[in-house]
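Visitor: here you go, sequence then predicted model.
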Amino acid sequence: MIFYLSSKTRIKISEDTLINFIVFKILHMIEYAGLCFWLFRAFSSTITKSHLPEKLFLALFFTILYAVSDEIHQTFIPTREGVIRDVTIDAIGAFFMYIYIKNNLNFLRKFLWKKS
């Protein structure tokens, strides 16, 4: 979904560039927070559950790596640009999810991976 949206030409929701900037950067943060969560979930469901902090770090790392590759991809799209600022904003969204998951690892161990 992120790749698909990055392939689109610029979209405006308002004539005010500040509003567009704020809305789309918040959406960037939400997208990459979601990607970090789903990567963590994928990593933690395929290997033993005893190393969840390491899997969480891997999710953060690969999310940021994808953010970099997405900005490189955008340099090839007309009307788009790849900028470090967007990688930073994406990384902030991923880091918020990282902190949220890290603070709730005990909950995740107890409820998401309990034996049936």
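Guide: Alright, I've got the coordinates. Numbering: from 1, shown residues only.
Visitor: where are the low-confidence patches of this structure?
Guide: Applying pLDDT under 70 to the chain picks out residues 46-50, 109, 111-116.
Visitor: centroid residue for it?
Guide: The residue lying closest to the centre of the chain (Cα atoms, centre = their mean) is residue 32, at 1.6 Å.
Visitor: isn't it up against residue 93?
Guide: Yes. Residue 32 lies in contact with residue 93 (Cβ atoms under 8 Å); the separation is 4.0 Å. Placement of C-beta: from N, CA and C, glycine included.
Visitor: rewinding a little: distance of the residue nearest to the centre of the chain relative to residue 78?
Guide: 24 Å (Cβ to Cβ, to the nearest Å).
Visitor: same question for residue 102.
Guide: Look at residue 102 and residue 78: by Cβ to Cβ, they are 40 Å apart.
Visitor: counting neighbours around each, name which of the two comes out higher.
Guide: More crowded of residue 102 and residue 78, by other Cβ atoms under 10 Å: residue 102, with 15 against 6.
Visitor: excluding its backbone neighbours, what's nearest the more buried one?
Guide: residue 56 (6.2 Å; Cβ to Cβ, 6 or more residues apart in numbering).
Visitor: give me the number of residues near that neighbour?
Guide: The local packing of residue 56 (other Cβ under 10 Å) involves 23 other residues.
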